[in-house]
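>>> Structure, please.
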Amino acid sequence: MRTSIAFAFAAAKLVAAHTTFQSIVIAGKDQGQHFAVQTPSNGNNPIKDVTDTAMICNGGTPKAGEFVEVAAGSKIGMQWHHNDGAPTAGDSDEPIAASHKGPVMVYIAKAEGNGVGPVWTKIYEDGLSGGKWAVDTFIANKGLVEITLPDLADGEYLIRPEMIGLHEGDRAQGAQFYNGCGQIKVTGGSKALPATGVDMTKAYSATDPGVLFNMYGGATTYTIPGPKVWDGASSGPAAPATPATPSKSATPVATPAPSKTAAPVASSSPATPVATPVEESEPTTPAPSPSAGAGPVGGSGSTLPETFTITQFIAWLKQQTGSSTKARRHARAFNFFEFPRPQALKALKALTVYQPSIPLSPYTVTDNPHYPTQDEENAAPPSLIDNAIRGHLVVIAR
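A predicted model of the protein is given here:
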């Protein structure tokens, strides 16, 4: 088999992995899809440029006269779904793909001005605690983010939930930001927001430790980006961002009332895929020698001919990752190879032919957190599966 290739991790099914904020829930009652929730201009696609104006309300347009009334100090829920509308039966990415692990945050601002400028105050955050990400809890709660509002003064506000998918956060602009704005009318409260908040187009830096982050490195702590959670009492300037020292940031920095009591009830995380193949011994395959005239396509020692076979490619990838992985035979007599994901992705990205987001035959690139399905096995070309949840890159070879 010959091929010239361009790799795209998570490209073929990327859209299937996203999410949108769609409704507000008060006292357990959904207030209606898109009622008082600004419809994003970008669909369920993420934002990757932290300075983009879509960081404010995901490009949503204010809905005149639509506000959901909620009492100060009470609970409010924000319902998310993978696709627009009710969940689709059998949708494994509802409300978001389990590979998109990361933090969940909630900001609030006065409604006038539609959130433009330094007007936002963080009132909730949850990150990584005990090996469990906030997005794991979000999925377990079927896409509902529920918090307790501070004792806010009466008035009209924008409430902005946000989550970050860190599955590609180990490279520049790899982190995926999802946000949206709901319009609420608070009653019965007394506390004014801090006089100065944060501008959502300046709240984060692309190099913040909570934005540029390798979630596959076995980290047990994580620094949530952005300002500290408002304690709900002071009305001075918003507190500066937490220093870049990893900590268990799922616990709010100030008085825990705005976030700890608002944390969704934890339930079991989604089950990890369980298709376990039977191991077989692997025939020894020597690393390929570049064909005459084939120049380097990566870093030192990272060479491949312009055209190569699947056997040569697998041998090259093993060499680049220092992997001793065995050839495995799937239950349906299908060979595939596993490689440590971070090393494999680093090697692939070093190829000069690598172009993100351009899946080309004869390699099919998917973002499926599973071993090969029957359909994938039956596909004519081999497949390269970015198995983010299991921490492996899987190459399927006929």
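
>>> quick one: low-confidence parts of the stretch 101-250 of the chain?
233-250 (pLDDT under 70).

>>> what are the ranges of the strands in it?
104-110, 121-126, 128-129, 132-133, 144-148, 155-165, 176-179, 182-187 (DSSP state E, counting those that start in this stretch).

>>> Can you say which of these is nearest to T53?
With Cβ to Cβ as the criterion, T53 lies closest to strand 176-179 of the strands of the stretch 101-250 of the chain, at 11.8 Å. Using the backbone N, CA and C atoms, a C-beta is placed for each residue, glycine as well.

>>> now for the closest one, which elements pack on it?
Contacts defined by 3 or more Cβ pairs under 8 Å, 6 or more residues apart in numbering; DSSP states H and E place strand 176-179 against strand 20-26, helix 54-57, strand 155-165.

>>> Apply 10 Å and report the result again.
Under the contact definition 3 or more Cβ pairs under 10 Å, 6 or more residues apart in numbering; DSSP states H and E, strand 176-179 sits against strand 20-26, helix 54-57, strand 104-110, strand 155-165.

>>> Pick the most deeply packed of the ones you listed.
Highest mean neighbour count of the helices and strands packed on strand 176-179: strand 104-110, a mean of 26 (counted as mean count of other Cβ atoms under 10 Å).

>>> tell me the angle of it relative to strand 121-126?
Note on geometry: by axes from the mean of the first three to the mean of the last three Cα atoms, to 10 degrees, strand 104-110 and strand 121-126 are set 170 degrees apart in direction.

>>> rewinding a little: so which of the strands of the stretch 101-250 of the chain gets nearest Q33?
Each of the strands of the stretch 101-250 of the chain was checked against Q33 via Cβ to Cβ, and the shortest separation belongs to strand 182-187, namely 12.0 Å.

>>> got the buried residues for that closest one?
Residues of strand 182-187 classed as buried by neighbour count (16 or more other Cβ atoms under 10 Å): 182-184, 186.

>>> Quick one: closest of the strands of the stretch 101-250 of the chain to K228.
Taking Cβ to Cβ as the criterion, K228 comes closest to strand 121-126 out of the strands of the stretch 101-250 of the chain, the separation being 7.0 Å.

>>> Can I get that closest one in PDB? Just the C-alpha atoms.
Written as PDB, here are the backbone C-alpha positions of strand 121-126 (Å, rounded to 0.1, in the frame of the first residue of the first chain):
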ATOM      1  CA  THR A 121     -17.300  38.600  37.700                       C
ATOM      2  CA  LYS A 122     -16.600  34.900  38.200                       C
ATOM      3  CA  ILE A 123     -19.000  33.300  40.700                       C
ATOM      4  CA  TYR A 124     -18.200  29.600  40.300                       C
ATOM      5  CA  GLU A 125     -15.500  27.300  39.200                       C
ATOM      6  CA  ASP A 126     -14.700  23.600  39.300                       C
END
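
>>> what's it packed up against?
Under the contact definition 3+ Cβ pairs under 10 Å, 6+ apart, strand 121-126 sits against strand 104-110, helix 134-140, strand 144-148, strand 155-165.

>>> would CSV of those with distance to L193 be doable?
CSV is the format used below for the helices and strands packed on strand 121-126 (distance: least, Cβ to Cβ, whole Å):
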stretch, distance to L193
strand 104-110, 7
helix 134-140, 24
strand 144-148, 16
strand 155-165, 8
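
>>> Between these, which one is closest to H18.
Closest approach to H18 among the helices and strands packed on strand 121-126 (Cβ to Cβ): strand 155-165, 8.5 Å.

>>> Neighbouring strands - and their directions - for that closest one?
Applying DSSP bridges to the sheet, strand 155-165 is found paired with strand 104-110 (antiparallel), strand 176-179 (antiparallel), strand 182-187 (antiparallel).

>>> roughly how far apart are I159 and E66?
Relative to E66, I159 is positioned 13 Å away (Cβ to Cβ, to the nearest Å).

>>> Now do the shared contacts for these two.
Each of 36-37, 182-183 lies in contact with both I159 and E66 under the rule Cβ atoms under 10 Å, 6 or more residues apart in numbering.

>>> Show me which pair in the residues you listed is furthest apart.
Once Cβ to Cβ is applied, these give V37 and Q183 as the farthest pair, at 7.5 Å.

>>> circling back to that earlier point, mind putting the strands paired with strand 155-165 into TSV with distance to N42?
TSV is the format used below for the strands paired with strand 155-165 (distance: least, Cβ to Cβ, whole Å):
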stretch	distance to N42
strand 104-110	18
strand 176-179	10
strand 182-187	17
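
>>> Looking at these, spot the one closest to F213.
For F213, the closest of these is strand 176-179, at 12.1 Å, according to Cβ to Cβ.

>>> ok, G117 touching G197?
Yes: counting by Cβ atoms under 10 Å, G117 touches G197, with 8.5 Å between them.

>>> Grab the nearest non-local neighbour of P62.
Spatially, and ignoring its direct neighbours in sequence, P62 is nearest to N114 (5.2 Å; Cβ to Cβ, 6 or more residues apart in numbering).

>>> Mark out where each domain of this protein begins and ends.
Under the assignment automatic domain parsing, the domains of the chain span 17-270, 278-397.

>>> how much space between G169 and L212?
With the distance defined as Cβ to Cβ, G169 ends up 6 Å from L212.

>>> Of those two, which one has the most company?
A direct count of neighbours by other Cβ atoms under 10 Å for G169 and L212 places G169 higher, at 21 against 18.

>>> mind listing what that one touches?
Taking Cβ under 10 Å, 6+ apart, we find G169 in contact with 101-102, 175-176, 210-216.

>>> Now list the buried members of those.
Among the contacts of G169, the ones that count as buried by 16+ other Cβ under 10 Å are 101-102, 175-176, 210-213, 215-216.

>>> Find the residues that touch each one of V37 and Q183.
Shared contacts of V37 and Q183, defined by Cβ under 10 Å, 6+ apart, are found at 24, 57, 60, 63, 66, 68, 159.
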